[in-house]
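Chemist: Sequence and predicted model, in that order:
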Amino acid sequence: MQLPSLNSLKKELQHRDSKELIDLVLHLSKLNRDNKAFLYFKLFDSDDASLFVDTVKEELEKAFNSANSKNYYFAKKSAQGIRRILNKNLKLTKDSNAKIELITFFCRQLEEFGYLEYHYPVIDNLYALQVGKVEKLIGNLHEDLQFDYQEQLENLKKPINQIP
């Protein structure tokens, strides 16, 4: 089955009445947790970005606290799992400031919990990739905001420069 374009879906949705649209959205929310989380976020949390950021930070912190980082293999697996949680939540918002804040929090937690001390290439590359995302997001911001985030970016780059 070939999927239709977004434009054709949009045109078809415009012809439906509100009851049908509500049923369709509810059905989509029942298909998987991501759709349900996205719908909840758009309905209740999209106005307050700081609440969203705080909620995601709590979720990430809980994941870091329960993660197993006794050796490099388990640390790698834990870091990858926590990154998946981060990426899932980053999809919910288009706010660059919120994305930067969440990714920098993730990077700081990796550093605080000692994941970077293993000097394991997978963990180091994961960290460097997240710092690259922050750098790209900062580059798209207004110059005043770029200046505000520049110091944070430099602090995030320090562990990358220390990689042997």
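Modeler: Good, I have the coordinates.

Chemist: where in the chain is pLDDT low?
Modeler: By pLDDT under 70, the weakly predicted segments of the chain are 46, 161-164.

Chemist: Please enumerate the helices of it.
Modeler: 6-14, 18-31, 33-40, 49-66, 72-90, 96-112, 121-139, 143-161 (DSSP state H).

Chemist: ranking those helices by burial, who's on top?
Modeler: Counting by mean count of other C-beta atoms under 10 Å, helix 96-112 has the highest mean neighbour count of those, with a mean of 19. To be clear about C-beta, it is placed using only N, CA and C from the backbone, and glycine gets the same treatment.

Chemist: and the most centrally placed residue in the chain, what is it in contact with?
Modeler: Geometric centre of the chain, nearest residue: Leu90, 2.9 Å, by C-alpha atoms, centre = their mean. Applying C-beta atoms under 8 Å, 6 or more residues apart in numbering to Leu90 gives the contacts Lys99, Leu102, Ile103.

Chemist: again, but for Arg83
Modeler: Contacts for Arg83 (C-beta under 8 Å, 6+ apart) come out as Phe106, Leu126, Gln130.

Chemist: Quick check: it vs Leu90, distance?
Modeler: Going from Arg83 to Leu90 by C-beta to C-beta, to the nearest Å gives 10 Å.

Chemist: now swap in Ala79 and tell me
Modeler: Distance of Ala79 to Leu90, given as C-beta to C-beta: 16 Å.

Chemist: Please apply the same query to Lys77.
Modeler: 20 Å.

Chemist: Ok, Tyr120 next?
Modeler: Distance of Tyr120 to Leu90, computed by C-beta to C-beta: 24 Å.

Chemist: Leu145 touches Asn97, doesn't it?
Modeler: Yes: between Leu145 and Asn97 there is a contact under C-beta atoms under 8 Å: 7.3 Å.

Chemist: okay, now the spatially closest residue to Leu24 that is not a sequence neighbour: neighbour count?
Modeler: Computed as C-beta to C-beta, 6 or more residues apart in numbering, the closest residue to Leu24 that is not its neighbour in sequence is Arg16, at 7.4 Å. As a burial measure, Arg16 scores 12 neighbours (other C-beta atoms under 10 Å).
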